[in-house]
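Asks: just coords:
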């Protein structure tokens, strides 16, 4: 197979769009897309009611920061070629209403990404967990092999200035496929809009219960994702033009949706964790020494390998490239370490993510005491009926702390949680805090020789400075 490189193979039909306005430009995904379009030479404007760093500073750097905050329908004019609507905006947003009144083309974030990539080879990474890391691995390998790729990824990656890249020349687009809703006026999951040529499903575990009230409804979204796989674009450099499904065969729910799907016009490539060993604190895959570790990361690596094969990357090229991969931001990210202590932070918040991340730490450092702290931060995790999913999810840690904020419950308009209810849900083997300062004080007072600290949250424990905490305990 011939690698897909810039200037070769596919003929790209670019959208003829020159002026785009963003409603809610300050979102983490939205501001990255705005910057990507600016870099592509498109005139970009935007509005938002508030914008915080890092989005604020980054938009200012590119001259895209609105002169004033708020919604200004007078900015919506007939000369706009497209309006991109962010999830943060409400359905009664005055700029949205004005765009609808003028009959302008209104795109959601994922719709616009698809429009910019519909003639490219699209690799879409879906799953309840592992999406960001798998996407990052693919991009890292493609860059190492000199294969130009556009992308959208949900975290800042080392060596990549922005989280979104759109070009006229790349023939491949790698997309992290989030299953959450598309926009205030489009209730489809985002990853249903990307129509993958290569689809990856890393795992299925019930999440976003405010949108998918039952696990069956949630799982069905991944079945639909498989149904949306399309053949490879003509001239992609492959002998077989059928679409491809790459799926984790260790996950019983993923196995179920893959096997039950009746499509015979796609390739189905299952994967499991490869054989490996840990030598002197380093995970080795054959003769390749890795900078990452953990069973779940090795699963992600295998999915990335299979995806990279689709664009002509050999296993030898993949191994050479992946040996230098250090991980995505907040995905088992090392904060600081010395000879007897290491501090890591991780985005883990769902039950399976807690189990996988704690197990990875235990496997990599079997002789060290492990202190694991996690924050209940998402809507699902703070919901009483979902809490039961966390039973025994932290059992492999020696010390287990769980933190949640009553203020976060108020912001999400959820009823109060009793710390005792949380403790019972986890199996009674955790200490629960509603004051992050009290938790940090207890962490600092511990003996940290021959011990590791793991901080897990999709938030930041109400403003904890992880680097400062690491400095104080190491």
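Replies: Done, it's in. This is a predicted model, so every value here is computed, not measured.
Asks: Okay, now the sheet partners of whichever strand in the chain runs longest, with direction.
Replies: When the chain is parsed with DSSP state E, its longest strand is strand 369-376. Strands adjacent to strand 369-376 in the sheet, as given by DSSP bridges, are strand 399-404 (parallel), strand 451-456 (parallel).
Asks: Domain boundaries for the chain, per the record?
Replies: Here the domain assignment for the chain is 19-104, 112-322, 333-473, based on automatic domain parsing.
Asks: which regions of the stretch 101-250 of the chain sit below the pLDDT cut-off?
Replies: Scanning the stretch 101-250 of the chain for pLDDT under 70 picks out 235-240.
Asks: which residues of it fall in helices?
Replies: Using DSSP state H, counting those that start in this stretch, the helices of the stretch 101-250 of the chain run over 109-117, 131-144, 215-227.
Asks: Confirm that residue 34 sits in a helix.
Replies: Yes - according to DSSP: H, G, I helix; E, B strand; the rest coil, residue 34 belongs to a helix.
Asks: Please look at it and residue 66 and confirm they touch.
Replies: No - using Cβ atoms under 8 Å, residue 34 is not in contact with residue 66, being 10.9 Å away. (C-beta placed from N, C-alpha, C; glycine too.)
Asks: I'd assumed residue 83 was in contact with residue 97.
Replies: No - using Cβ under 8 Å, residue 97 is not in contact with residue 83, being 11.4 Å away.
Asks: Neighbour count: those two, which is higher?
Replies: The neighbour comparison of residue 97 against residue 83 (other Cβ atoms under 10 Å) goes to residue 83, with 22 against 14.
Asks: Doesn't the more buried one lie inside a strand?
Replies: Yes - per three-state DSSP, residue 83 lies within a strand segment.
Asks: Is it bridged to anything, and to what?
Replies: residue 21, residue 106.
Asks: Enumerate every residue touching the residue nearest in space to the middle of the chain.
Replies: The residue lying closest to the centre of the chain (Cα atoms, centre = their mean) is residue 132, at 3.7 Å. Residue 132 makes contacts with 153-155, 176, 328, 331, 347, as judged by Cβ atoms under 8 Å, 6 or more residues apart in numbering.
Asks: Out of the domains of the chain, which one sits most buried?
Replies: Mean neighbours per residue, mean count of other Cβ atoms under 10 Å, is largest over these for domain 112-322, with a mean of 20.
Asks: from the contacts of residue 132, which single one is nearest residue 124?
Replies: Set against residue 124, the nearest of those by Cβ to Cβ is residue 176 (8.1 Å).
Asks: OK, contacts around the closest one?
Replies: Residue 176 is in contact with 125, 131-132, 135, 152-154, counting by Cβ under 8 Å, 6+ apart.
Asks: at 10 Å instead, please
Replies: 29, 124-127, 131-136, 138-139, 151-155, 163, 190-191, 194, 200, 328 (Cβ atoms under 10 Å, 6 or more residues apart in numbering).
Asks: Can you tell me what sits against stretch 276-293?
Replies: 133, 137, 274-275, 294-295, 297-298, 300-302, 305, 315-316, 318-328, 331-332, 334, 342, 360-361, 363-366.
Asks: Out of those residues, which sit inside strands?
Replies: Within the contacts of stretch 276-293, residues falling in strands by DSSP E are 334, 342.
Asks: on that earlier part again, quick one: closest of the helices of the stretch 101-250 of the chain to residue 377.
Replies: Among the helices of the stretch 101-250 of the chain, the nearest to residue 377 by Cβ to Cβ is helix 131-144 (16.5 Å).
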